[in-house]
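S.K.: Got a predicted structure here, sequence first:
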Amino acid sequence: MKGMTLIVKKTTQLIAGMIFMYGIYVIVHGHLTPGGGFAGGVIIAGSLILITLSNGGDFLKLIKEEAGTTIVESLATILVIAIAVSGFLFGTKIFFNNFLPKGIVGHLVSAGVLPLYNIFVGTEVAASIFIIFLSLIIFKEESKE
Amino acid sequence: MNPLIPLLVVIPLAAAFLIMIIGRFIEEFNKYFASLVLLVLTCISFYFLFTTGEKISVYKVGGWEPINTIPIGIYMVMDGFSVIVVCIINLIGFLSVFYSISYINRYTAGNYFYSLFCLLIGGMNGVVLSGDLFNIFVFLEISVISSYALVAFGVESNELEASFKYQILGGIASFLILFGIGFIYWRAKTLNIADIKAAFGTGSDKTTYLFIQILILSGFGLKAAIIPFHAWLPDAHSSAPSPISAMLSGVFIKAVGIYVIIRLFFNMFVISEAMAVLITTLGTLSMVIGVFLAIGQWDIKRLLAYHSISQMGYVVMSVGIGMILLSRGAKPEIASLAIAGGLFHLVNHAAFKGLLFLNAGAIEYTLATRNMKEMGGLAKSMPVTSATSFIASMSISGIPPFNGFFSKLIIIIAAVLGKFYLLAVLAVIVSIITLASFLKFQRYAFYNKSDNNRNQAIKEVPFPMVFSMVVLSIICVLLSLLVFPEIRDAILAPAIDILTDPVKYSTSILVK
Amino acid sequence: MTAYVMCFILFLVGLYGAITRRNLVKIAVSLSIMEISTFLFFALIGYIEGGVAPIVDPSDPAKIYVDPLPQALVLTAIVIGLATTAMLMAVIIRLYRKYGTFDIREIKNLRG
């Protein structure tokens, strides 16, 4: 698909980085402020979609991007399930247990396993929404030829 | 706290995403890996079938123990009723996946098929095993969205239109259920099924209670395809690929429709006579209208889909008779007989309807047509398909000594003993019309003389399809042994005991 | 009390749109309106008189917080609604390629 003019490209290159950092902030502070995995993941996906829309790309490049993103998404989901099952092996033998040490209330490194869950769920949600966008564009490109 | 209970949900979910990664690099990996995963699940569910018996196993996810005897965690419950449905889901799932090893060669995206199939099985296991109301909703949505994608799998115009109709009606049903859950949380301030029964107590505030019951019955009735909510079923079940039709019609409308209605109405709500009469009326209407709509069909899979509506009407009518007798406070023996007939017919219908859809798939695989007027004379060229189809047709019509006869007999005897003579007469008439419809199917598909000269090129279908059909027909014959008292007491009696006893479910869970 | 009645009226508006509109995309948008009314209803249920947002403030142990459980339920349900809408849009795009029209009265291959 065609890209956009030079002004749009330069502006989005400046802004997309800041949106990405804001998304990471929302994910990592998920146990202290509202937000967490889902909301932060959608923000990161927004910045990726912005860059793809303004730069365009031909058909083969889009298909390679989609293959790579599918692998990232499946890997993140398997890691979430692996953390949930690892409550069986370490600590007590209960599924989904919170077995790392919980620190002081209000600090960044605290609350056991929860920040790890937030990071992997955020990665997976961002990859999923980016794949939905890429599939619809690939379908349109494919039927134009 | 048995650690095998959450494994029934975790293994299919992990397998679905593993297939997506590894299936890109190795070609034949996904078919055999999916069959292996489902074989492991079947073994676990049969282990539970032989060891559960009378006790109720509770698994508290995350290890959150009750505080001041108020449950604060999410519970997963395995008792006598859910172990029967879990066995049906995993066994018929394994046979469908094995059947599709050779059937999937008609489509090109086999990777996505097995991944979606594992998500469907994982979602259904989660619905059956959950003891918490919102957990049922989340797993219901996982399995329902997978089934939307699977119905539209081969993207031709018929299948896309069927999937669109299915999605709109399914979406309305999901939001009705969510509204009902909101009302229940507002009144009872808790989401645990056993705790809600203790909080509702003696039926406070009659209008809100009736409104909640009607919302829940409408939402889950749309998923179970009872009249008047049946409009999506013939299109969706006839356009899907054949192993998916067998899963949808044989397992899905039972596990997310009828199972949840029976569980919520017996173990969560206080039974009132008005709702019981309404449920029995809906069941009888489904039974009669379904079979009258099925007579004039010439497409094989639409014929089988309409008969699904009729047989589900048998189950709902029988359970409704049990509810009416319990709410009047009569002796519980006749109510237990009615509910036993309903559950036995549920298990039988999964077996023979799955076999019938697999047969229709085999005919479609060799002849590439679904119209009964274009077939004929297949009995000599496809012997295994013809023999298994004969066994399944005799089962669904209620001919002894196959399993359909015994379950329909128990339902009719229970209706006569409870003095519902009109319902018994209707059940017999519908059974005779079902026999007529299936004799037409047998004659046109297998025993007619075909007028085209193409019988030379037709041979039997490949080995995985033959294996699944033969195993299902053996199960059809073996299930008729369930009518003997010793085997019935081991398998069906714990389920009926949990449903008819008003306090056993809630007190067993809350005390642990 | 009027807030609850407004939620129910919004649900009925969405249901009316899903039943009577002819364009495929308008049916999908009506389904989204129905789900949003359910989320509003859930968020209204958890209100307690005089409560603040449920983030624990360690310096003041006697504050009253609103009920945080319906907020967690709504967060899950929003993600489920997103998946349903995405699936519906993909099927609508493919239907347009096959039939060439968005009108639901033209799409009636399966009958009887």
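M.R.: That came in fine, so what should we check first?

S.K.: any low-confidence regions in chain B?
M.R.: Applying pLDDT under 70 to chain B flags the ranges B:201-204, B:450-457, B:512.

S.K.: Please identify the residues of it in proximity to chain A?
M.R.: B:1, B:3, B:6, B:10, B:13-14, B:17-18, B:20-21, B:24, B:59-63 (Cβ under 8 Å from any Cβ of the partner chain). All C-beta atoms are positioned from the backbone trio N, CA, C, and that covers glycine.

S.K.: give me that answer again for 7 Å
M.R.: Neighbours of chain A within chain B, by Cβ under 7 Å from any Cβ of the partner chain: B:3, B:6, B:10, B:13-14, B:17-18, B:20-21, B:61-63.

S.K.: want to throw the residues you listed into TSV with distance to chain C and secondary structure?
M.R.: Output for those, formatted as TSV (distance: Cβ to the nearest Cβ, whole Å; DSSP: H, G, I helix; E, B strand; the rest coil):
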residue	distance to chain C	secondary structure
B:Pro3	25	coil
B:Pro6	19	coil
B:Val10	19	helix
B:Leu13	15	helix
B:Ala14	19	helix
B:Phe17	16	helix
B:Leu18	21	helix
B:Met20	16	helix
B:Ile21	21	helix
B:Val61	15	strand
B:Gly62	14	coil
B:Gly63	19	coil
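
S.K.: can these go into JSON lines with extra columns for distance to A:Tyr117?
M.R.: As requested, the residues of chain B next to chain A are exported to JSON lines (distance: Cβ to Cβ, whole Å):
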{"residue": "B:Pro3", "distance to A:Tyr117": "21"}
{"residue": "B:Pro6", "distance to A:Tyr117": "17"}
{"residue": "B:Val10", "distance to A:Tyr117": "15"}
{"residue": "B:Leu13", "distance to A:Tyr117": "15"}
{"residue": "B:Ala14", "distance to A:Tyr117": "16"}
{"residue": "B:Phe17", "distance to A:Tyr117": "16"}
{"residue": "B:Leu18", "distance to A:Tyr117": "20"}
{"residue": "B:Met20", "distance to A:Tyr117": "21"}
{"residue": "B:Ile21", "distance to A:Tyr117": "21"}
{"residue": "B:Val61", "distance to A:Tyr117": "14"}
{"residue": "B:Gly62", "distance to A:Tyr117": "12"}
{"residue": "B:Gly63", "distance to A:Tyr117": "16"}
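
S.K.: where in chain A is pLDDT low?
M.R.: Across chain A, residues meeting the criterion (pLDDT under 70) sit at A:90-106, A:145.

S.K.: What separation is there between the residue of chain B found nearest chain C and C:Lys108?
M.R.: Residue of chain B nearest chain C, by Cβ to the nearest Cβ: B:Ser157 (4.4 Å). Distance, B:Ser157 to C:Lys108, using Cβ to Cβ, to the nearest Å: 11 Å.

S.K.: and what of B:Gly341?
M.R.: Applying Cβ to Cβ, the value for B:Gly341 to C:Lys108 is 40 Å.

S.K.: residues near the residue of chain B closest to chain C, how many?
M.R.: By the measure other Cβ atoms under 10 Å in any protein chain shown, the count of residues near B:Ser157 is 15.

S.K.: Ignoring the adjacent residues along the chain, who's closest to it?
M.R.: Among residues not flanking B:Ser157 along the chain, C:Lys98 sits closest, at 4.4 Å (Cβ to Cβ, 6 or more residues apart in numbering or on different chains).

S.K.: Tell me the buried residues in the helix or strand harbouring that neighbour?
M.R.: C:Lys98 belongs to helix C:69-99 when elements are defined using DSSP states H and E. For helix C:69-99, the neighbour count (16 or more other Cβ atoms under 10 Å in any protein chain shown) marks C:69-70, C:73-74, C:77, C:79-82, C:84-88, C:90-92, C:94-95, C:98-99 as buried.

S.K.: How about stretch B:284-302?
M.R.: Residues B:284-291, B:293-294, B:297, B:299-302 are the ones in stretch B:284-302 that count as buried (16+ other Cβ under 10 Å).

S.K.: what about that stretch, start to end distance?
M.R.: Stretch B:284-302 stretches 21 Å from its first residue to its last (Cα to Cα, to the nearest Å).

S.K.: Same question for stretch B:222-233.
M.R.: Termini of stretch B:222-233 sit 10 Å apart (Cα to Cα).

S.K.: now stretch B:184-200
M.R.: Distance between the two ends of stretch B:184-200: 10 Å, counting by Cα to Cα.

S.K.: Let me know the helix or strand that residue 27 is in.
M.R.: Answering for chain A, as no chain was given. helix A:6-28.

S.K.: that's the wrong chain, I meant chain C
M.R.: helix C:24-45.

S.K.: Mind listing what's buried along that helix?
M.R.: Using 16+ other Cβ under 10 Å as the burial criterion, the residues of helix C:24-45 that qualify are C:24, C:27-28, C:30-39, C:41-42, C:45.

S.K.: Tell me the residues on chain C that lie near chain A, please.
M.R.: C:58, C:75, C:79, C:86, C:93, C:97.

S.K.: State the number of residues packed around the residue in chain A that chain C sits nearest to.
M.R.: Across chain A, the shortest distance to chain C (Cβ to the nearest Cβ) belongs to A:Ile132, at 5.2 Å. Per other Cβ under 10 Å, the neighbour tally for A:Ile132 reads 16.

S.K.: Grab the nearest non-local neighbour of it.
M.R.: Of all residues not flanking A:Ile132 in the chain, C:Ala86 sits nearest, at 5.2 Å (Cβ to Cβ, 6+ apart).

S.K.: on contacts alone, who are the packing partners of the helix or strand A:Gly122 falls within?
M.R.: Using DSSP H and E, A:Gly122 sits in helix A:114-144. Here helix A:114-144 touches helix A:6-28, helix A:37-55, helix A:59-89, helix C:69-99, going by 3 or more Cβ pairs under 7 Å, 6 or more residues apart in numbering or on different chains; DSSP states H and E.

S.K.: Of those, give the one that comes closest to B:Asp195.
M.R.: helix C:69-99 (13.6 Å; Cβ to Cβ).

S.K.: Distance from the chain centre to the closest one, please.
M.R.: Distance of helix C:69-99 from the chain centroid (Cα atoms, centre = their mean, to the nearest Å) equals 10 Å.

S.K.: and A:Ser54, what is it in contact with?
M.R.: Going by Cβ atoms under 7 Å, 6 or more residues apart in numbering or on different chains, A:Ser54 touches A:3-4, A:8-9, A:12.
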